[in-house]
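Asks: show me the folded form of this:
(one chain, ligands or ions: 1)
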Amino acid sequence: MKYIVDIDYSKCINCLACYLINKNVFSIENNRIIIKNNIISSEEDIEDIKTAAKACPTNAIYYQEILDKD
Ligand code: SF4
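Replies: Numbering: from 1, shown residues only. Next up, the predicted model:
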């Protein structure tokens, strides 16, 4: 299972809630939250991005499962 995850920076208020939930996916660069790798395949990280999306106060985190074409 793979997911793609992204942040809408027009909504993000840089509160770091997502970073506190998972430091594998989310990181800080130049005082700004970033996503290290937009493609997530670890089940633990996938659960964490769902948790982070719910925790995000501005609904700035988007994710979607990538379906295999086979
Ligand atoms: S939780 Fe949402 S608003 Fe806060 S830093 Fe992460 S993406 Fe931005």
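Asks: now the strands for this structure?
Replies: Here the chain has its strands, by DSSP state E, at 2-7, 26-29, 32-35, 39-40, 61-66.
Asks: can you put those strands in CSV and add mean neighbour count and distance to the ligand?
Replies: For every residue, glycine as well, the C-beta is placed using N, CA and C. Listed next are these as CSV, based on neighbours: other CB atoms under 10 Å; distance: least, CB to the nearest ligand atom, whole Å:
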stretch, mean neighbour count, distance to the ligand
strand 2-7, 17, 5
strand 26-29, 14, 7
strand 32-35, 15, 4
strand 39-40, 17, 15
strand 61-66, 15, 5
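Asks: using a markdown table, please lay out those strands together with distance to Asp48 and mean pLDDT.
Replies: What follows is the strands of the chain, written out as a markdown table (distance: least, CB to CB, whole Å; pLDDT from 0 to 100):
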| stretch | distance to Asp48 | mean pLDDT |
| --- | --- | --- |
| strand 2-7 | 10 | 98 |
| strand 26-29 | 9 | 98 |
| strand 32-35 | 12 | 97 |
| strand 39-40 | 9 | 96 |
| strand 61-66 | 11 | 97 |
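Asks: need these in CSV with distance to Cys15, can you?
Replies: Putting the strands of the chain into CSV (distance: least, CB to CB, whole Å) gives the following:
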stretch, distance to Cys15
strand 2-7, 12
strand 26-29, 11
strand 32-35, 8
strand 39-40, 21
strand 61-66, 11
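Asks: could you count how many residues lie near Ser10?
Replies: Counted by other CB atoms under 10 Å, the residues lying close to Ser10 total 7.
Asks: roughly how far apart are it and Ile61?
Replies: Shown here: Ser10 relative to Ile61, a distance of 13 Å by CB to CB, to the nearest Å.
Asks: no further queries at this time; thank you.
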